[in-house]
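Participant: pasting the sequence and the predicted model now:
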Amino acid sequence: METGFYRPDLDDAALTLLPVPGAAPVVETEWRAALPVMTNGSVTLRELELSDAPSLLAMLTTEEVTRFISPPPTTIEGFERFILWTHQQRAAGKAVIFGVVPHGISSAVGLLQIRSLEPGFGTAEWGFALGSPFWGTGLFVESARLVLEFAFTTTGIHRLEARAAVQNGRGNGALRKLGAVREGVLRASFLRHGHYHDQALWSILDTDWARARTGFFGATAAIVH
Ligand SMILES: CC(C)(COP(=O)(O)OP(=O)(O)OC[C@H]1O[C@@H](n2cnc3c(N)ncnc32)[C@H](O)[C@@H]1OP(=O)(O)O)[C@@H](O)C(=O)NCCC(=O)NCCS
């Protein structure tokens with residue numbers, strides 16, 4: 001899987017919420033009808049709204065943010081189509097995409113996505129991106145905590161994978177800091193800017209999270225293996 005969220009074809013797609021052709025039947029649960037709003041006081045994670053498009057365009061299309069992820073939409077309309085697509089994915093039970101809204105700001109400045117890799121979210125993959133003004137501020141860890149809690153307690157994920165280009169220092173550093181386990185390198189697995197990049201494969205298991213959730217985010221210790 002590529003490192004990122006975006007569907008290049010959405011740049012040309014009609015701006016409508018279409019039914020998903022051939023979507024597997026899914027068991028209806030509350031999050032498939034609408035994502036929960038999750039907050040800890042300093043950040044709120046919520047479903048993306050069309051009004052987030054200008055902020056997402058400004059935050060997530062800079063060279064430093066996109067260097068190691070799939071290319072994002074290039075226009076407000078492209079982001080609006082992407083946002084409608086995220087709602088479609090959630091309703092089909094295929095993926096959840098949360099917008100990251102820091103306290104005191106009304107629009108999303110980043111995204112966290114979880115994508116099911118098998119029917120029923122047993123194994124899934126996550127990815128994330130924040131606008132660079134928010135790097136190193138603690139916003140990522142605060143947001144990741146909320147999403148991991150959702151992933152392991154609400155969707156029933158057993159194994160959560162992440163892929164990060166090996167040259168992506170912040171991406172790999174963020175995963176390491178969370179206590180994810182680096183399992184190996186997927187050689188030449190990500191095409192970006194005309195070159196195939198190696199990606200590190202990381203994982204967090206439900207058992208890791210069960211051990212970590214009481215200690216990690218209230219203290220400095222990471223998940224211990
Ligand atoms: C990935 C991302 C969400 C992380 O958010 P962030 O605020 O930068 O993350 P943090 O600062 O909390 O953590 C990054 C860690 O990596 C470390 N780091 C930075 N550069 C590093 C490098 N070259 N090598 C190793 N570690 C590095 C940082 O020191 C930090 O650890 P620390 O807090 O213990 O010092 C953000 O950088 C981003 O949006 N990047 C662009 C999109 C992207 O690459 N997404 C990931 C795809 S897998």
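Facilitator: In hand now; what should we look at? Please read all numbers here as calculations on a predicted model, not as lab measurements.
Participant: which residues does residue 170 contact?
Facilitator: Applying Cβ atoms under 8 Å, 6 or more residues apart in numbering, we find residue 170 in contact with residue 135. Where C-beta positions appear, they are placed from N, C-alpha and C, glycine not excepted.
Participant: gap between it and residue 128?
Facilitator: As for residue 170, its distance to residue 128 is 11 Å (criterion: Cβ to Cβ, to the nearest Å).
Participant: and stretch 166-183, average pLDDT?
Facilitator: What stretch 166-183 shows for mean pLDDT is 97.
Participant: which residues belonging to that stretch are considered buried?
Facilitator: Using 16 or more other Cβ atoms under 10 Å as the test for burial, stretch 166-183 gives 166, 168, 170, 171, 172, 174, 175, 178, 179, 180.
Participant: try stretch 106-115
Facilitator: 107, 108, 109, 110, 111, 112, 113, 114, 115.
Participant: which helix or strand lies directly C-terminal to the helix or strand harbouring the last one?
Facilitator: Residue 115 is part of strand 110-116, with elements assigned from DSSP states H and E. Using DSSP H and E, the helix or strand that follows strand 110-116 towards the C-terminus is strand 123-130.
Participant: residue 51 reaches residue 107, doesn't it?
Facilitator: Yes - between residue 51 and residue 107 there is a contact under Cβ atoms under 8 Å: 6.7 Å.
Participant: neighbouring strands - and their directions - for the strand holding residue 115?
Facilitator: Strand 110-116 has the following strand partners under DSSP bridges: strand 95-102 (antiparallel), strand 123-130 (antiparallel).
Participant: and the last one, what's its mean pLDDT?
Facilitator: This means strand 123-130. 98.
Participant: and for the closest residue to residue 80 other than its chain neighbours, the neighbour number?
Facilitator: Distance criterion Cβ to Cβ, 6 or more residues apart in numbering; nearest residue to residue 80, sequence neighbours excluded, is residue 53 at 4.8 Å. Neighbours of residue 53 under the rule other Cβ atoms under 10 Å: 22.
Participant: shouldn't residue 53 be within a helix?
Facilitator: Yes - under DSSP: H, G, I helix; E, B strand; the rest coil, residue 53 sits within a helix.
Participant: and it, what pLDDT?
Facilitator: 98.
Participant: wait, it sits on residue 79?
Facilitator: Yes - the criterion here is Cβ under 8 Å, and residue 53 meets it with residue 79 at 3.9 Å.
Participant: where does residue 142 land in three-state SS?
Facilitator: Relying on three-state DSSP, one would call residue 142 helix.
Participant: tell me the contacts of it?
Facilitator: 40, 42, 43.
Participant: and residue 56, by the same measure?
Facilitator: Applying Cβ under 8 Å, 6+ apart, the residues near residue 56 are 48, 72, 79, 82, 83, 99, 107, 108, 111.
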